[in-house]
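Participant: Return atomic coordinates for the entry below.
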Amino acid sequence: QVQILESGGGLVQAGGPLRLSCVASGSIFSISSMGWYRQAPGKQRELVATITSGGTTNYADSVKGRFTISRDNAKNTLYLQMNSLKPEDTAAYYCNAEGILGTATGYRYLEVWGQGTLVTVSS
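Facilitator: Presented below is the predicted three-dimensional model:
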């Protein structure tokens, strides 16, 4: 099986930076896409940014120009550099990985999620 572990969340003042990390470990054949999603209290989970194994990125309009997603394919690690944070960025941030991953019955294409890391931006 595959585990996703996020880290780097915390409390930061508005305008400040924060860097999130996510490591995928376990039975991994290949990871095609990784991404960050977030969910604020009382709201649905939304896409923040994604990146393919080839480095193609996609960002939500609300974070373009402020957040940068990157990954280290060799280490199955994903990063999110967040700058110029705003109070509305406050949310639980979740890491997602899609690819050919191991299960109890063999490898197949699926996606896995981490447990989330909380980011709180104070005004």
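Participant: OK, contacts around residue 119?
Facilitator: With CB atoms under 8 Å, 6 or more residues apart in numbering as the criterion, the residues that contact residue 119 are 9-10, 12, 18, 20, 38, 82, 85, 89-93. Using the backbone N, CA and C atoms, a C-beta is placed for each residue, glycine as well.
Participant: Next, count neighbours for residue 113.
Facilitator: Residue 113 sits with 13 neighbouring residues when counted by other CB atoms under 10 Å.
Participant: That one pairs with what?
Facilitator: Legend: beta-bridge partners of residue 113 under DSSP bridges are residue 96.
Participant: Quick check: it vs residue 76, distance?
Facilitator: Distance of residue 113 to residue 76, computed by CB to CB, to the nearest Å: 15 Å.
Participant: Could you find the closest non-adjacent residue to residue 16?
Facilitator: Closest residue to residue 16 apart from its sequence neighbours, by CB to CB, 6 or more residues apart in numbering: residue 85 at 5.7 Å.
Participant: Understood, closing this out.
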